[in-house]
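**Q** Take this sequence and fold it.
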Amino acid sequence: MFSFFVSFLSCAVLTLLVIKLAKKHGMALDSDIDGVQKFHSHVVARIGGVPICLAVIAASAISVIREPAMGPWLAALIACGVVALSGGIVEDYTGQVAPSRRLLLTMLAALLAYWLLHARIDRIDLPWGPMSLQAVWIVLPLTVLAVAGIANAVNIIDGFNGLASMVSICMLMSLAYVAFQIGDMFVLVAALIVAGATAGFLVWNYPVGLIFLGDGGAYFIGFLLGELTLMLVIRNPDVSTWYAALLLIYPAFETIFSAYRRMFVRGKSPAMPDGIHLHSLIFRRVVRWTVGRREARALMKRNARTSPYLWLFSLMAVIPATVFWKNTVMLMFFCLLFIISYLWLYARIVRFKSPRWLFFHKRD
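**A** Sure, this is the predicted structure:
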C-alpha cells in the first residue's frame, strides 16, 4: 500500500496546483455548459490527466528505487500510456482533435505495448478448456482493438463528477487483489499506483468538480486499466480471461451499446455525441426529481448524486469478478446477468418507468 499512498498524496497536491494554475492562466477551461453532454454550471479546468500522469511517474520512480527489477516494465507501461494521453491532452487544450485521431493514438499505444510489454490476447478460456490464439493476424488486431476500446470506454462514461474515477479505482483495486493472490508483483504495484493517483484526483473532482479528467485523463487511466488487466490475465493462466471481460464490462458494454444505438437506431455516426447514455438518463429522469431546480447549486447536487448510482451498478460486475476470478463458468454467467440487467434498466428508464427503488433520495 506504500505505492498507493505515495501516488495518492502526490496527485492530490499536483491536482490542486493544476487547478490554481489553470484558473490563473485560463488553460484548458471547459466553459461550454450548454453542450449535449454537459452537466456542470461553472467553468472548470479539464486537464486532470496531467497531475495523474505526473503522480504515476513520481510514484513509479520511488517504487523502482525499492524494487529495481520493475523499472523497465513500469517505464514501458508509462511511455505507452503517455502516447494514449497525448491526443486527449491536445484535445483538452484546443478542442480540435477529431475522435478518430484520438482513437488512432490509443491504438498506437496498444501496439507499442504489444511489442514492449508482450501484452497480447493469446487465449480465450472456455468452460471445457482454453482456446489458444496463435495467428498474429488475429492476435494483433484483437489486442489493439480491445485495449483501445477500453481507453475509449472510460472516456465515454466520464460524464459526471467522480463517475469514471471511482469506477476505475474499484477495477484497479480488484486487479491489485487478484494480483496479490497469485503473486504478480508488477501488476499489484502498478495497479495500486494508478488507483492512488486516481484517488488523489478524485479528492478535487467529487463532489463539487473543481477539475475534470478531460479526454487526456480518461484515455490515460483507461489505457493503463486495459493493459494491466490484459497483462494480469495473460501472464497468469490461473486467471480466467472472463475475469477481464466481467471486470471491464460496464464501460465496455456502455460503449458497444452506444455505438449500436447511434448507428442502427438513430442512423448517425457512432462518434456523434448524444445525451442518452445510461448515466445521462439517470441524471435527467431519476436524480432531477430528487433535487428539482436547474439553478447552479441544484445542478451541482444533481451532478454529484448521479455517480453513486453507477458506482453501485458497476460493482454488480466488479465484485463477482473479484470473487470468481478463476471460475470461467461463473464469470460467464455474471457477464450475461450484467448485460440483461443493463438492458432492462435502460429500457425502463428510457420509457419513463424507472424502478421505484432508484428514487431513494428525498427532494430538497
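**Q** in the protein, which residue is closest to the centre?
**A** Geometric centre of the chain, nearest residue: Val154, 3.3 Å, by CA atoms, centre = their mean.
**Q** what are the ranges of the helices in the chain?
**A** 2-25, 49-66, 71-94, 99-116, 136-156, 163-182, 185-205, 214-235, 241-247, 249-260, 278-282, 288-291, 296-323, 328-350 (DSSP state H).
**Q** residues in contact with the fourth one?
**A** Under the contact criterion CB atoms under 8 Å, 6 or more residues apart in numbering, helix 99-116 has outside partners 76-77, 79-81, 83-84, 86-88, 91, 119-120, 140, 143-148, 151-152, 215, 219, 222-223, 226-227, 271. Where C-beta positions appear, they are placed from N, C-alpha and C, glycine not excepted.
**Q** What residues sit buried inside that helix?
**A** For helix 99-116, the neighbour count (16 or more other CB atoms under 10 Å) marks 99, 102-103, 105-114 as buried.
**Q** Mind checking the pLDDT average for that helix?
**A** Taken as a whole, helix 99-116 has a mean pLDDT of 93.
**Q** Then the fifth one?
**A** On average, the pLDDT along helix 136-156 is 94.
**Q** ok now that helix, how far from the chain's centre?
**A** 14 Å (CA atoms, centre = their mean, to the nearest Å).
**Q** Now do it: which elements does it pack against?
**A** Under the contact criterion of 3 or more CB pairs under 8 Å, 6 or more residues apart in numbering; DSSP states H and E, helix 136-156 touches helix 99-116, helix 163-182, helix 214-235, helix 249-260.
**Q** between the shortest one and helix 296-323, how big is the angle?
**A** Taking axes from the mean of the first three to the mean of the last three CA atoms, to 10 degrees, one finds that helix 249-260 is oriented at 120 degrees with respect to helix 296-323.
**Q** Please apply the same query to the first one.
**A** Following the same axes, to 10 degrees, one obtains 30 degrees for the angle between helix 99-116 and helix 296-323.
**Q** Pro308 and His279, how far apart?
**A** Pro308 sits 11 Å away from His279, going by CB to CB, to the nearest Å.
**Q** out of the two, which sits in the more crowded spot?
**A** Per other CB atoms under 10 Å, whichever of Pro308 and His279 has more neighbours is His279, with 23 against 18.
**Q** need the contact list for that one.
**A** Counting by CB under 8 Å, 6+ apart, His279 touches Ile157, Gly159, Phe160, Leu163, Thr306, Ser307, Tyr309, Leu310.
**Q** likewise Ile19?
**A** By CB under 8 Å, 6+ apart, Ile19 lies in contact with Ala45, Trp204, Leu210, Ile211.
**Q** Return the residues in contact with the second one.
**A** Spelled out, that is Trp204. Applying CB under 8 Å, 6+ apart, the residues contacting Trp204 are Ala12, Thr15, Leu16, Ile19, Leu210, Ile211.
**Q** Surely the fifth one and Val43 touch.
**A** No - with contact defined as CB atoms under 8 Å, Leu210 does not count as touching Val43 (10.9 Å).
**Q** Which residue of those two possesses the greater neighbour count?
**A** For Leu210 versus Val43, neighbours defined as other CB under 10 Å are more numerous around Leu210 (19 against 14).
**Q** Quick check: the gap between that one and Thr198.
**A** Counting by CB to CB - Leu210 and Thr198 are separated by 15 Å.
**Q** Ignoring the adjacent residues along the chain, who's closest to Val203?
**A** Spatial nearest neighbour of Val203, excluding adjacent residues (CB to CB, 6 or more residues apart in numbering): Ala12 at 5.2 Å.
**Q** Next up, the contacts around the closest residue to Val167 other than its chain neighbours.
**A** Leaving aside its chain neighbours, Val167 sits nearest to Ser314 (4.8 Å; criterion: CB to CB, 6+ apart). Applying CB under 8 Å, 6+ apart to Ser314 gives the contacts Val167, Cys170, Met171, Tyr250.
**Q** So what's the residue count around the second one?
**A** Read it as Cys170. 20.
**Q** ok, the nearest residue to it once chain neighbours are set aside to Met107 distance?
**A** Using CB to CB, 6+ apart and skipping the chain neighbours, the partner closest in space to Cys170 is Val318 (5.0 Å). Val318 sits 26 Å away from Met107, taking CB to CB as the criterion.
**Q** do the same with Ala98
**A** Between Ala98 and Met107 the computed distance is 14 Å (CB to CB).
**Q** what's the closest non-adjacent residue to Ala195?
**A** Counting by CB to CB, 6+ apart, Ala195 lies nearest to Leu172, which is 3.8 Å off, once chain neighbours are set aside.
**Q** Where does pLDDT dip in the stretch 1-150 of the chain?
**A** Residues of the stretch 1-150 of the chain meeting the criterion pLDDT under 70: 25-42.
**Q** If we use 50, what do you get?
**A** 31, 33-41 (pLDDT under 50).
**Q** Return the residues in contact with Val323.
**A** Listed by CB under 8 Å, 6+ apart, Val323 has no contact partners.
**Q** From Tyr114, how far off is it?
**A** According to CB to CB, Val323 stands 30 Å off from Tyr114.
**Q** One more: Val233?
**A** 15 Å.
**Q** before we move on, the earlier item: so which of the contacts of Ile19 sits lowest on pLDDT?
**A** Pick the lowest pLDDT in the contacts of Ile19 and you get Ala45, at 82.
**Q** so what pLDDT did Leu281 get?
**A** Value for Leu281, per-residue pLDDT: 75.
**Q** re earlier: among the buried residues of helix 99-116, which one sits closest to Ala69?
**A** Ala113 (18.9 Å; CB to CB).
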